[in-house]
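Peer 1: sequence and predicted structure, then a few things I'm wondering about:
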Amino acid sequence: MRLLGVGLANTSSGSFLVTKAHVTHLEMKRAIHPPVLERVPGKIATPDWSLLDKHAPLSEFTRSALESRCKALERNLLLAQQWLKAQEMIMEGQNAQLVIQNIGMERMNHTLHEKEKGKKSDRTILFPGGKGRHLTDVELIKQKQELEDTKAQEEAEKERKRVAKEDQRVEKANLEERWKAMLEEYEHTVKDLPKKPKHPTKPKLMEPEDDDEGQDDVDDNGS
């Protein structure tokens, strides 16, 4: 799933997942990367599977041998858990690659099918196989009427989309003009605001006069 997220992030749009729009070769080339073949990292040691083979009944093991065997089994069980987790992550990445490749194959098959099928003209539909038909045939008249109705609906839909697009363009232009006017009004409002008052300063404590200086002055006057 990580590779799936990376593949979607590398595309300009993920719309090809839910729509039948044609996908270009360059878009699929960016989305589908060469397969990544991963292996369990070498830093994860391989469990000692030989511990599963008992060469003698447990009753013949000594206490110390049983303790050593239990510790070895616990250590290798932890290694097997790490191996299992690493392999699950590898399989998750491989499954994501298969999902992305399947998406690409479906898109390419759809493109090839549309290219091979081609767009049928009115003549191809009304005269299948190039064979002639009676123009007064009821079935021919019905098919011709259906084709004309379909064309009229397509033209009406195109006109509706064109009008909606034009209305959206005009609405967007009006919004831009309103936004510019709001910005200009804001600039004038900020400019006309009075200046920010000065922040009051904390009053300082007056220092008392030095008593020694006052005593010296008294002595000078007395003498």
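Peer 2: That came through fine.
Peer 1: and Met91, what element?
Peer 2: helix 63-117 (DSSP states H and E).
Peer 1: helices and strands around that helix, which ones?
Peer 2: Of the remaining helices and strands, those touching helix 63-117 by 3 or more Cβ pairs under 8 Å, 6 or more residues apart in numbering; DSSP states H and E are helix 2-9, helix 25-31. Placement of C-beta: from N, CA and C, glycine included.
Peer 1: where does Leu205 fall, phi/psi-wise?
Peer 2: Here is the backbone geometry of Leu205 (degrees, to the nearest 10): phi -80, psi 130.
Peer 1: low-confidence ranges, the chain, go.
Peer 2: The chain contains residues with pLDDT under 70 at 1-32, 56, 116-135, 207-223.
Peer 1: run the last query once more with 90
Peer 2: 1-70, 72-73, 93-154, 183-223 (pLDDT under 90).
Peer 1: the spatially closest residue to Gln87 that is not a sequence neighbour: what's it in contact with?
Peer 2: Excluding the flanking residues, the one nearest Gln87 by Cβ to Cβ, 6 or more residues apart in numbering is Val40, at 6.4 Å. Residues near Val40 by Cβ atoms under 8 Å, 6 or more residues apart in numbering: Trp83, Ala86, Gln87, Ile90.
Peer 1: between the residues you listed, which is closest to His33?
Peer 2: Ile90 (15.9 Å; Cβ to Cβ).
Peer 1: how far away is Glu187 from Leu175?
Peer 2: When distance is defined by Cβ to Cβ, to the nearest Å, Glu187 is 19 Å away from Leu175.
Peer 1: same thing with Glu154?
Peer 2: Relative to Leu175, and taking Cβ to Cβ, Glu154 is found at 31 Å.
Peer 1: any idea which element Pro35 lies in?
Peer 2: Assigned by DSSP H and E, Pro35 falls outside every helix and strand.
Peer 1: ok, now Pro194?
Peer 2: With DSSP H and E as criterion, Pro194 is part of no helix or strand.
Peer 1: please save the CA atoms from stretch 151-168 in CSV.
Peer 2: C-alpha atoms of stretch 151-168 as CSV (Å, rounded to 0.1, in the frame of the first residue of the first chain):
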residue,chain,number,x,y,z
LYS,A,151,-27.2,14.6,-31.5
ALA,A,152,-29.6,17.3,-30.3
GLN,A,153,-29.1,16.2,-26.7
GLU,A,154,-25.3,16.3,-27.1
GLU,A,155,-25.5,19.8,-28.6
ALA,A,156,-27.8,21.0,-25.8
GLU,A,157,-25.4,19.5,-23.2
LYS,A,158,-22.4,21.2,-24.9
GLU,A,159,-24.3,24.5,-24.9
ARG,A,160,-25.3,24.1,-21.2
LYS,A,161,-21.7,23.4,-20.3
ARG,A,162,-20.5,26.4,-22.3
VAL,A,163,-23.0,28.7,-20.6
ALA,A,164,-22.2,27.3,-17.2
LYS,A,165,-18.5,27.8,-17.9
GLU,A,166,-19.0,31.4,-19.1
ASP,A,167,-21.2,32.1,-16.0
GLN,A,168,-18.5,30.7,-13.8
